[in-house]
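# could you look at this predicted model? Sequence included:
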Amino acid sequence: MPPAEPLHDLDPALAASGDVARFWRVERYAGLDCLAARFRRHAYARHTHETYAIAGIVAGCETFWRRGVQNYAPAGSLCLVSPDEAHDGAPHGGYFVYRTLYPSAALMREVAEDVAGRTLPRAPWFAPSVVEDPALVAELAALHDALGAADHGAGTLETDERLLAFLGRLIARHGDLDGAPRPATGERRGVGRARAFIDARFAEEIGLDGLAAEAGLSRTHLIRAFKAETGLTPHAYQVDRRVRAARRLLIAGEPPAAVATEAGFYDQSHLNRVFKARMGITPGAYAALAA
């Protein structure tokens, strides 16, 4: 990684244990976020991304929850999370070091169609959460270095080739191109209505009674069905949407204090705690590095 962009401490308590992270963003590839980190104590709260999360474990072991299963990813393995899938993450056995890319669904679908040689009904999906693939992990680490250098004016053509080659091989080896979505049941449609309601009003105070009425389910049924469908309770889903909104506002250049109010947090301190638990860095650091 280029020395011009050092690792960033998470907070004093975690930094003392050796937890560090570096984040950067490459706008050329539809706002591709990149993260390199070493975690000994930091544990992510359960959250989702609008993008994919593709992580290569370079050393140590990460454990994370995805789709109802607790997974363990040792060095030489890839962790694969598709958009909107709830997951968390923590060190297992002492620490882990990883390199992560967050490509958009549009970019992944474009690459998948190149791989398949045909139009696809949707972006690819990854059934396995962890795959042992040391060669692809090494390729991801080299790609990370190239992407970091690209922000300093180096090798656009090289990074284009590396990124598309890596994503193409990842999709060809481990992606599911044609898996059909599950049919919509009445319960799933109700959860869908509740999600849409929260999506439209994430910054507002929402009561469970009104949300259950919107879904056409009882309150307890809604909580149970919502978590089964999304991996999050309705409240956790609302917080997740607030964090997504905060990221968009920070990237747009809004100051953290204004972002906290606009995204529905109590104050900037509340935003800091929630954001760092899900992103690994503070809102201020995210905004500065994204810029």
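Received it, and whenever you're ready, just let me know what you need.
# what residues are up against the residue most central in space within the chain?
Nearest to the geometric centre of the chain sits His49, at 3.9 Å (Cα atoms, centre = their mean). By Cβ atoms under 8 Å, 6 or more residues apart in numbering, the contact set of His49 is 81, 83-84, 102. C-beta here means a position set from N, CA and C on the backbone, and glycine is covered the same way.
# phi, psi for it please.
The phi and psi values for His49, taken as degrees, to the nearest 10, are phi -130, psi 150.
# can you check Ile206 too?
phi -120, psi 130.
# ok, it to Met279 distance?
As judged by Cβ to Cβ, to the nearest Å, Ile206 and Met279 stand 23 Å apart.
# more crowded one of those two?
Met279 (23 against 18; other Cβ atoms under 10 Å).
# the residue nearest to that one when sequence neighbours are not counted is in what secondary structure piece?
Leaving aside its chain neighbours, Met279 sits nearest to Tyr286 (6.2 Å; criterion: Cβ to Cβ, 6 or more residues apart in numbering). Secondary structure from DSSP states H and E places Tyr286 in helix 283-290.
# do the same with His92
Taking DSSP H and E as the definition, His92 sits inside strand 87-102.
# pull the contacting residues for Ala196.
By Cβ under 8 Å, 6+ apart, Ala196 has no neighbours at all.
# need the three-state assignment for it.
Three-state call for Ala196 (DSSP: H, G, I helix; E, B strand; the rest coil): helix.
# look up how far Asp84 lies from it.
For Ala196, the distance to Asp84 - Cβ to Cβ - is 13 Å.
# same thing with His49?
His49 is 8 Å from Asp84, by Cβ to Cβ.
# how about Val243?
Going from Val243 to Asp84 by Cβ to Cβ gives 13 Å.
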